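Participant: build me a model from this:
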Amino acid sequence: MQISEDEITKRYAKIYLEILMRYREYIEESESLYIAELSKLVTPEKESIVNIANDIKGKFPSYSMTENFYEAANYAFEYINENILTVVMPIQFWLYPEETVSCGAGDVFDKATLLCSIFIALGNPSAMVLTKEQPTGKLVRVYCEYNNKLIVADVEKGITVMESYDKFLESIGLGGDRQNVSAYEFNDKRYRTIV
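Facilitator: Have a look, this model is predicted:
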């Protein structure tokens, strides 16, 4: 995706404005959200998310989650890849999915909560964001169950299908030895610590 320097600057400015307006009274305090509260960041019921899901559903003559979800998930990934610029900000903060859509930008975590929200709005309530924190950095994936398999999305690289949840965990280094690692998963209804 080729974006001009002016457009990149505008998107950064819009994100900064969102942060300043939301936290204008507390800007010097650190933003905090308990890990167990992360489910607030998945918002499949918000109008902008529902509109994206409806646009994707409209690509099918008669959308059926059981028949069309895998293809719809790929359309959702395509939407994120084409419309949401990945930015790394110098401060830590959370964007809600509707803010990520409005700004047209967000970090990998923001993009993952947006993708999870779209998956749920497409009719798959099993969609979860999984975050693994380790000394070398943070890994974020979105996954959901579909046709007795797991659809796994890396918002930067694409969607793959895995045979099982255990195989998925193994693929991201959460198989056997889990020392010096913490991992958790969440969606709009649930939160669970894995390690």
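
Participant: and residue 70, how close does it get to residue 118?
Facilitator: 14 Å (Cβ to Cβ, to the nearest Å). (C-beta placed from N, C-alpha, C; glycine too.)

Participant: ok, those two, which is more surrounded?
Facilitator: Using other Cβ atoms under 10 Å, the more surrounded residue of residue 70 and residue 118 is residue 118, with 27 against 13.

Participant: what strand or helix carries that one?
Facilitator: helix 108-121 (DSSP states H and E).

Participant: send me that helix as CSV with only the CA atoms.
Facilitator: Taking Å, rounded to 0.1, in the frame of the first residue of the first chain, the C-alpha atoms of helix 108-121 are listed here in CSV:
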residue,chain,number,x,y,z
VAL,A,108,-0.5,-4.0,15.8
PHE,A,109,-2.5,-4.4,19.0
ASP,A,110,-5.1,-1.8,17.8
LYS,A,111,-5.4,-3.6,14.4
ALA,A,112,-5.8,-7.0,16.2
THR,A,113,-8.7,-5.7,18.4
LEU,A,114,-10.3,-4.2,15.3
LEU,A,115,-10.0,-7.5,13.4
CYS,A,116,-11.4,-9.5,16.3
SER,A,117,-14.3,-7.0,16.5
ILE,A,118,-15.0,-7.5,12.8
PHE,A,119,-14.8,-11.3,13.1
ILE,A,120,-17.4,-11.2,15.9
ALA,A,121,-19.6,-8.8,13.9
